[in-house]
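# Got a predicted structure here, sequence first:
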Amino acid sequence: MFRTIFLLSSFGLAASALADGYLRDQAEVEALLTGATLDGIYLRTNSAYRLTFREDGTLDDGRETAARWWISEQGQYCREWLAGPLAGNEGCMDIRLHNGQVQLFFDGRQVAEGVLQR
């Protein structure tokens, strides 16, 4: 059974956000994502989006696609697809919290949003 994470109060992340609203503290963002599942929408295709951030650094998208994840020194969520149609694709995204949801941004454009659960 999953429980929704109350992001702002549980992790005290509001203080680490800059004027653009992106989270920037590497340790706080890592604590936020480690062991959590993001259930949401991939905005480019308006399709369901699920990512599980495993403690061992692997990323599960529910489609048996091998990937790894980490948090950059700038507090960005980074991932690299190791197999499947996106193999070799690596990128980092900014994270913003808004109205209890996590928003993911790539090059300043929002690409996904959802709720983190444990």
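Structure's in. What do you need?
# quick one: contacts for the nearest residue to Leu82 once chain neighbours are set aside?
Once flanking residues are discounted, Leu82 sits nearest to Ala66: 4.0 Å by Cβ to Cβ, 6 or more residues apart in numbering. All C-beta atoms are positioned from the backbone trio N, CA, C, and that covers glycine. If you count contacts by Cβ atoms under 8 Å, 6 or more residues apart in numbering, Ala66 has them with 58, 81-84.
# Would you mind checking the residues you listed for buried ones?
Among those, those classed as buried by 16 or more other Cβ atoms under 10 Å are 81-82.
# how about the contacts of Ala66 in JSON lines, adding secondary structure and pLDDT?
Below are the contacts of Ala66 laid out as JSON lines (DSSP: H, G, I helix; E, B strand; the rest coil; pLDDT from 0 to 100):
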{"residue": "Thr58", "secondary structure": "strand", "pLDDT": "96"}
{"residue": "Trp81", "secondary structure": "strand", "pLDDT": "92"}
{"residue": "Leu82", "secondary structure": "coil", "pLDDT": "93"}
{"residue": "Ala83", "secondary structure": "coil", "pLDDT": "87"}
{"residue": "Gly84", "secondary structure": "coil", "pLDDT": "83"}
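# List the beta-bridge partners for Arg79.
Under the criterion DSSP bridges, Arg79 forms beta bridges with Trp69, Gly91.
# Local confidence estimate at it?
With respect to pLDDT, Arg79 scores 96.
# what about the longest helix in the chain?
Determined from DSSP state H, the single longest helix within the chain is helix 26-33.
# Would you map the strands across the protein?
When assigned using DSSP state E, the strands of the chain occupy the ranges 37-42, 47-53, 59-60, 67-71, 77-81, 90-98, 101-106, 109-117.
# how about the residue positioned nearest the centre of the chain, what does it touch?
Nearest to the mean C-alpha position of the chain, by Cα atoms, centre = their mean, lies Tyr77 at 5.8 Å. Shown in contact with Tyr77 (Cβ under 8 Å, 6+ apart): 29, 33, 69, 71, 92-93, 95, 104.
# Thanks a lot, catch you later.
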